[in-house]
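1. Fold the following for me, if possible:
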Amino acid sequence: MTQRTREVPKLVVSDRSRRAAAKKRFEKILLTLCAIAVLMIVLLPLFWMLASSFKPNVELFKRPPTLLTQTPTFEHYRELWDFTSFPRYFLNTFLVAGISCVAGVAISLVTVYSVTRFEFIAARAFTFGVLFIYMLPPILLALPFFRIWYKLDLLNSLPALAITYLTITLPFSLWILRPYIEAIPRALEEAAMIDGCTRFQAFRKVIVPQAWPGIVASFIFTFVVVWNELLYSLVLISDEAKRTVSLGIASLILETSVYSWGLVNAAGVLATVPVLFLFAFAARHIVSGLGAGAVKG
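-> The predicted model follows:
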């Protein structure tokens, strides 16, 4: 009788553990299916753009439409590269995005370091003021920038466009970099200065390596924002030779009629490739930087 009463709780516990394990497996399968469904929804437009860029014009307007092409062709890519100014658009965008992102990250890094390390009046108000500027719709600043560059005779120039993009990159970089700088102990800088480093040397040899993951993340995200930006380039640039990628793709629809979807899809694929490579490069460096920062800390 005693042995039987001991076996009953064991059976109950074993049954409960099996049900709990089955419930966890079911939840895991359900979450996996949900993730796959969301991923398919997100990737479907990209896959459709990629597949359509290799379709001949006959298949592009075929009814019912097909997802994959039966006769792949590079006609749209050759036409885009040989008969349009798309290579020039790429160069312009790389130039403008590189200048605005490097300048924005550098200024943000120095600014965040100053705000977090030196106490001054209205530091908190400055931080929230920057956030307020970032929350403003870009369309509100387009007309003032247009008038400023017009008065300075810098309208329709790439340097003016790069400076304009700082209004986007600076606030964003400030809020990305601030947690990284605040998390670095001041004792590390003090130890470096005791060993003979100046303030700038301590900043360069201690702060920058520790905040490297934030620097890379800030640069990548601001680069993507500038790369995809259309409004400011549409307002400030009118010369065809100075168009950016986003403005160039929009002009393909307007100038070649809405029926050149193969050309537009090919342009979209080429505009997406640099961003994909940049994210692939950044992911590796962000992870390695986080690990190095944890070891050094």
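
2. okay, which residue is most central for this structure?
-> For the chain, the residue nearest the mean C-alpha position is residue 221 (3.1 Å; C-alpha atoms, centre = their mean).

3. To what extent is residue 185 buried, counted in neighbours?
-> Neighbours of residue 185 under the rule other C-beta atoms under 10 Å: 11. Heads up, the C-betas are built off the backbone N, CA and C, glycines and all.

4. before we move on, the earlier item: gap between the residue nearest to the centre of the chain and residue 16?
-> 47 Å (C-beta to C-beta, to the nearest Å).

5. Pull the residues that contact the helix or strand harbouring the residue nearest to the centre of the chain.
-> For residue 221, the enclosing helix or strand under DSSP states H and E is helix 212-228. Helix 212-228 is contacted by residues 93, 96-98, 100-102, 104-105, 108-109, 165, 168-169, 172-173, 176-177, 179-181, 208, 245-246, 271, 274-275, 278-279, 282, 285-286, 289-290, 292-293 when judged by C-beta atoms under 8 Å, 6 or more residues apart in numbering.

6. So which of those are in strands?
-> Among those, no member falls in strands (criterion: DSSP state E).

7. Please narrow those residues to those residing in helices.
-> Here DSSP state H is the test, and the contacts of helix 212-228 give 93, 96-98, 100-102, 104-105, 108-109, 165, 168-169, 172-173, 176-177, 179-181, 208, 245-246, 271, 274-275, 278-279, 282, 285-286, 289-290, 292-293 as lying in helices.

8. Just the buried subset of those, please.
-> 93, 96-97, 100-101, 104-105, 108-109, 165, 168-169, 172-173, 176-177, 180-181, 245-246, 271, 274, 282, 286, 289, 293 (16 or more other C-beta atoms under 10 Å).

9. returning to that earlier point: the helix holding residue 221: which residues count as buried?
-> For helix 212-228, using 16+ other C-beta under 10 Å, the buried residues are 212-227.

10. Check stretch 241-261 too.
-> 242-252, 260-261.

11. next one: stretch 55-72
-> 55, 59-60, 69.

12. After the top helix by length along the chain, which helix or strand is next? Please name it.
-> In the chain, taking DSSP H as the definition, the longest helix is helix 2-53. Tracing the chain past helix 2-53, the next element assigned as helix or strand by DSSP H and E is helix 57-60.

13. who's in contact with the helix or strand following that next one?
-> Counting by DSSP H and E, the next helix or strand C-terminal to helix 57-60 is helix 75-83. In this structure, residues lying in contact with helix 75-83 by C-beta under 8 Å, 6+ apart are 53-54, 56, 86-87, 262-263, 265-267, 270.
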